[in-house]
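**Q** Following is a predicted model, sequence given first.
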Amino acid sequence: MSYTGRLLAVIAARGGSKGLPGKNIRPLAGLPLIAHTVEFAKLCPQITRAIVTTDSEEIAAVARAHGADVPFLRPAELAKDDTPMWPVIRHALAEAEKDGSRYDDVLLIDPTTPCRMPEDIKGALDLLAARPEADGIIGVSQPEFNPLWNLWMVKDGWMETVNPDSGKYTRRQDAPTVYRVNASLYVWRAAFVREREKTWRGGKILPYELPDWRCIHIDDVHEFERAELFIKAGFLKLPWLEAK
């Protein structure tokens, strides 16, 4: 089933990164990091409107220079180090609908996960359209190692397994498949966003699987350099770069 709803895409970029200051405007493969997501959104015909929510005038200026719609600056109380993303999404939707527009769904595309593809959005939205009982769909991938099999912690100086049941698996292949939320894409029904005040957790959420090697999330300089290396080596082919 093909998606036919009205979709608001939200590109959330706070100005006060501690792990890598200025990361949202730091150049990656010739473009500021946020510009990759702005250009990506232009290649997704399912998106009705894409907006940037930021508290930074500098980020806003860079985003606008690449054709982004930045209709407001995010309030300071929604741009603190400990601010959850959910109220930011709710605020962006409310602001976007002040002109009388109404959206069916909300897509969050994080600038720090720049290697998603337009077909990922289409696939996720088509799956969501086929499951009207779902509140949303979130990008996941299988991690390089299975935490049910080989994740440990240290307690009183001694190694102790995180999963008490891990001893019943004699081989890695026998452990149940697990997934990580990889920050590549999040879609929620707009009605669900309007109704839920605290968090999306607890809703009826579908998984949309992407290959883990492509879901690079950039929080520090090493992850930034790895993404740059993958792009330069041709392991990651970003269509918005190839079109330039």
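**A** Happy to help now that I have it.
**Q** Touching, A41 and T48? I think so.
**A** No: the criterion here is C-beta atoms under 8 Å, and A41 misses it with T48 at 10.8 Å. In this view, the C-beta of every residue, glycine as well, is placed from N, C-alpha and C.
**Q** Which one's more surrounded, those two?
**A** A41 (24 against 16; other C-beta atoms under 10 Å).
**Q** Let me see the contact set for the more buried one.
**A** Neighbouring residues of A41 by C-beta atoms under 8 Å, 6 or more residues apart in numbering: 9, 11, 47, 50, 109.
**Q** Pull the most distant pair out of these.
**A** Spatially, the most separated pair among those is I11 and I47, at 10.6 Å (C-beta to C-beta).
**Q** what does the lowest-mean-pLDDT helix or strand in the chain contact?
**A** Ranked by mean pLDDT, DSSP states H and E, the weakest helix or strand in the chain is helix 147-150, scoring a mean of 76. By C-beta under 8 Å, 6+ apart, the list of residues contacting helix 147-150 from outside reads 162-163, 165-166, 169, 172, 175-176, 178.
**Q** And the residues you listed, which of them are buried?
**A** Among the contacts of helix 147-150, the ones that count as buried by 16 or more other C-beta atoms under 10 Å are 163, 166, 169, 175.
**Q** quick one: the closest residue to the first one other than its chain neighbours and M159, what's the gap?
**A** It stands for N163. Take N163 and drop its neighbours on the chain: the residue closest to it by C-beta to C-beta, 6 or more residues apart in numbering is L148, 5.0 Å away. From L148 over to M159 the distance is 16 Å, taken as C-beta to C-beta, to the nearest Å.
**Q** out of those two, which sits in the busier spot?
**A** Neighbour count, other C-beta under 10 Å: between L148 and M159, L148 has more, with 18 against 8.
**Q** First-to-last residue distance for stretch 66-73?
**A** In stretch 66-73, first residue to last residue: 17 Å (C-alpha to C-alpha, to the nearest Å).
**Q** Just the buried residues of that stretch, please?
**A** Residues 66, 68, 70, 73 are the ones in stretch 66-73 that count as buried (16+ other C-beta under 10 Å).
**Q** Out of those residues, which sit inside helices?
**A** For the buried residues of stretch 66-73, not one is inside helices, with DSSP state H as the criterion.
**Q** Looking at those residues, which one is closest to C115?
**A** Closest approach between the buried residues of stretch 66-73 and C115, by C-beta to C-beta: H66, at 17.4 Å.
**Q** Where does pLDDT dip in this protein?
**A** Low-confidence segments of the chain (pLDDT under 70): 244.
**Q** Can you identify each of the strands in this structure by residue range?
**A** Ranges of strands in the chain, per DSSP state E, are 7-12, 27-28, 31-32, 47-53, 105-108, 136-141, 152-155, 158-161, 180-189, 205-209.
**Q** Now the longest one - C-alpha only, CSV.
**A** Presented in CSV, the C-alpha positions along strand 180-189 are these (Å, rounded to 0.1, in the frame of the first residue of the first chain):
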residue,chain,number,x,y,z
ARG,A,180,18.7,-1.1,18.2
VAL,A,181,17.0,2.2,17.5
ASN,A,182,19.4,3.7,15.1
ALA,A,183,18.1,7.3,14.8
SER,A,184,17.7,7.0,11.0
LEU,A,185,13.9,7.8,11.0
TYR,A,186,11.0,8.2,13.3
VAL,A,187,7.4,8.6,12.1
TRP,A,188,4.3,9.1,14.3
ARG,A,189,0.7,9.7,13.5
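**Q** So in that sheet, which strands flank it, and in what orientation?
**A** Applying DSSP bridges, strand 180-189 is found paired with strand 105-108 (antiparallel), strand 136-141 (antiparallel).
**Q** which among the buried residues of stretch 66-73 gets closest to D99?
**A** Of all those, V70 has the smallest distance to D99: 15.1 Å, by C-beta to C-beta.
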